[in-house]
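S.K.: Sequence and predicted structure, then a few things I'm wondering about:
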Amino acid sequence: MDMLVQIMEALEATNITEGFAGGVPELGRALGGGGTPLQRAVLGAAPAAPPTLPALSPEQRALFTELLHPEALERGVVLAPDGSTVAVAPLLAGLEAGLKCAPTAPVLTATSTPAPADPLYAVTVAEALGMSYLLARANGSQATLGPGGCWDDVENPQVFTLEGPPSPVSDAFANGALDGVLLGARLAEAPVPLAALLRGYYSYGAAGERAPSSFRRGRFGTRTGQGKLEEEVAAALRLLRVLPATRSLLEDVGDEEVAAVARRAAQDFTDAYVECPAVMPRCMWGARPYRGSPSALSPPLPFVYIHHTYEPGAPCRTFASCARAMRSMQRFHQDARGWDDIGYSFVVGSDGYLYEGRGWHWVGAHTRGYNRQGYGVSYVGDYTARPPDADALALVRDAFLPCAVRAGRLRRNYTLRGHRQMGRTECPGDSLFREIETWHGFQACTHACTCG
């Protein structure tokens, strides 16, 4: 992301974008082939890209062009400081729409009818989401969202690889689309320098506050209800139905089918990328391989056990510090305790993310005697005297647990307990334990568990 911001800054410092009403984002669209059919209809045809860009080095121009190439599924992404992978094309499309919707800009209107309900959503998320579900429905495919992916080296990222067959809406695309909507809406209020906007959005605060980008799901959800997204997807499909480039693909798709596709697409997207929390996969925090052969769980499981790590004793508030904490715990569990892997199923950072330990599928080593019955979820830090941040508590209580139920990982009538209820330990700390006593599913000690 730093490299992309540097490119934007270099281009903004020149007059190279004269003639591009959408500024640097429109120049990028020109370099990347003009954008998608709906983007061209809504944003207008981009002027021809200039033969040279003196503000950029040859390497920077090549990178900028590659990031916006329509076929660059694995190459069109960047790694943000908060650890999220962001597709550049939907991000810049949102910035361009925001610039063209600003009060000082000409009124943005679609060149075809029917017009999209909201140009900002049309060019970021609605077109790709609608087409993904429409094509899946026609082909009998289930690959409509995802997958995620991993970088070769998060300290010096060069190569990104998807974890499975791609859909038009990968996890990276979803991040770029959410950011495109949020930042485009900011630009529509009043234009600001793009490099400064991106730098502020993706950077941590001076005192270690979370990067604004780590709040993208909640902020998008506040701005966009499921009904709003459904409306935008349906409007995008109706527009694609009359565009020459896509008319043949949708000529037999009636209004009822458009409505059904939009409804399911909006519901699934909202569940996956708005209401459920992001989980950093093992490859992103630098996990060692599992030792031996893991034993499989049999979900849906009936229990969740809440822990705190105690050591590390301080909350981790950045992706880098949380990744270090995960590696440290895994080394301790494997090397000092002789376990096959890090013991927890999932670990909760104070940076806005959950971190995959043994995950959904494999038996952990978190709650002696009960590892096959439930997931072990641990907060990074010592919560004897004070609880985790309110956002970190809500991440598990209000997002992770309900999503686990909806996904069939947890039983609907699951029981939640603190580690201390299952053995002789002070875990998860007095303060955190008092918090979880108020959570849905919490069950006090009975004859089936042991109070420490």
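M.R.: Great, that's in hand. Numbering: from 1, shown residues only.

S.K.: Helix, strand, or coil at R411?
M.R.: The assignment at R411 comes out as strand when based on DSSP: H, G, I helix; E, B strand; the rest coil.

S.K.: What pLDDT is listed against the closest residue to it other than its chain neighbours?
M.R.: Closest residue to R411 apart from its sequence neighbours, by Cβ to Cβ, 6 or more residues apart in numbering: P300 at 4.6 Å. For every residue, glycine as well, the C-beta is placed using N, CA and C. Model confidence at P300, given as pLDDT, is 98.

S.K.: May I have the residues that are in contact with D118?
M.R.: Under the criterion of Cβ atoms under 8 Å, 6 or more residues apart in numbering, the neighbours of D118 are 232, 235.

S.K.: Can you read off the backbone torsions of it?
M.R.: Note on D118: its backbone torsions stand at phi -150, psi 110 [degrees, to the nearest 10].

S.K.: Settle this for me: M284 is touching D152, isn't it.
M.R.: No - between M284 and D152 no contact is recorded; they are 11.2 Å apart, counting by Cβ atoms under 8 Å.

S.K.: For those two, indicate the residue with more neighbours.
M.R.: Comparing M284 with D152 by neighbour count (other Cβ atoms under 10 Å), the higher total belongs to M284, at 23 against 11.

S.K.: Double-check that that one belongs to a helix.
M.R.: Yes - the assignment for M284 (three-state DSSP) places it in a helix.

S.K.: Not counting its own residues, what contacts the helix or strand hosting F433?
M.R.: Secondary structure from DSSP states H and E places F433 in helix 430-436. By Cβ under 8 Å, 6+ apart, the residues outside helix 430-436 that reach it are 306, 308, 379, 383-388, 393, 416, 418, 420, 428, 442.

S.K.: and those residues, which two are the farthest apart?
M.R.: A385 and L416 (22.2 Å; Cβ to Cβ).

S.K.: So for those two, which residue has more residues nearby?
M.R.: Neighbours were tallied for A385 and for L416 using other Cβ under 10 Å; the higher tally belongs to L416 (22 against 8).

S.K.: Find the residue ranges of the chain scoring beneath the pLDDT cut-off.
M.R.: Low-confidence segments of the chain, defined by pLDDT under 70, span residues 70, 72, 102-116, 142-143, 446-452.

S.K.: spatially speaking, which residue is in the middle of it?
M.R.: Within the chain, the residue whose C-alpha comes closest to the C-alpha centroid is N175; the distance, by Cα atoms, centre = their mean, is 4.7 Å.

S.K.: you'd agree P165 is up against P147?
M.R.: Yes - with contact defined as Cβ under 8 Å, P165 and P147 form a contacting pair (7.3 Å).

S.K.: Regarding this structure, what is its longest helix?
M.R.: Longest helix in the chain by number of residues, with DSSP state H as the criterion: helix 171-189.

S.K.: Tell me which residues of that one come out buried.
M.R.: In terms of neighbour count (16 or more other Cβ atoms under 10 Å), helix 171-189 has its buried residues at 171-188.

S.K.: Likewise for stretch 235-249?
M.R.: For stretch 235-249, burial by neighbour count (16+ other Cβ under 10 Å) applies to 235-241, 243, 246, 249.

S.K.: Could you export that stretch as PDB, CA atoms only?
M.R.: Included here for stretch 235-249 are C-alpha records, laid out as PDB according to Å, rounded to 0.1, in the frame of the first residue of the first chain:
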ATOM      1  CA  ALA A 235     -30.000  -1.800 -10.400                       C
ATOM      2  CA  ALA A 236     -26.600  -2.800 -11.600                       C
ATOM      3  CA  LEU A 237     -27.900  -6.000 -13.200                       C
ATOM      4  CA  ARG A 238     -30.800  -4.000 -14.900                       C
ATOM      5  CA  LEU A 239     -28.200  -1.600 -16.400                       C
ATOM      6  CA  LEU A 240     -25.900  -4.500 -17.500                       C
ATOM      7  CA  ARG A 241     -28.900  -6.000 -19.300                       C
ATOM      8  CA  VAL A 242     -29.100  -3.000 -21.700                       C
ATOM      9  CA  LEU A 243     -25.400  -2.400 -22.200                       C
ATOM     10  CA  PRO A 244     -24.100  -3.700 -25.600                       C
ATOM     11  CA  ALA A 245     -21.100  -5.400 -24.000                       C
ATOM     12  CA  THR A 246     -23.200  -7.500 -21.600                       C
ATOM     13  CA  ARG A 247     -26.600  -7.600 -23.200                       C
ATOM     14  CA  SER A 248     -26.200 -11.100 -24.600                       C
ATOM     15  CA  LEU A 249     -25.300 -12.500 -21.200                       C
END
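
S.K.: follow-up on the earlier one: could you measure from the residue nearest to the centre of the chain over to A272?
M.R.: Distance from N175 to A272, counting by Cβ to Cβ, to the nearest Å: 12 Å.

S.K.: ok, now A45?
M.R.: Applying Cβ to Cβ, one obtains 33 Å for the distance of A45 from A272.

S.K.: So which of those two has more stuff around it?
M.R.: A side-by-side neighbour count of A45 and A272, using other Cβ under 10 Å, places A272 first with 19 against 13.

S.K.: Run through the residues that contact that one.
M.R.: Taking Cβ under 8 Å, 6+ apart as the test, what A272 contacts is 145-146, 174.

S.K.: Identify, from these, the entry nearest to D335.
M.R.: Lowest distance from D335 to the contacts of A272 (Cβ to Cβ) belongs to G146, with 33.8 Å.

S.K.: right, and the closest one touches S170 too?
M.R.: Yes - under the criterion of Cβ under 8 Å, G146 is in contact with S170, at a separation of 6.1 Å.

S.K.: Not counting its own residues, what contacts the strand or helix carrying R238?
M.R.: According to DSSP H and E, R238 maps onto helix 226-240. Helix 226-240 has contacts (Cβ under 8 Å, 6+ apart) with 37-38, 41-42, 110, 112, 114-118, 121-122, 125-127, 129-131, 134, 246, 249-250, 253, 255, 258-259, 261-263, 265-267, 269-270.
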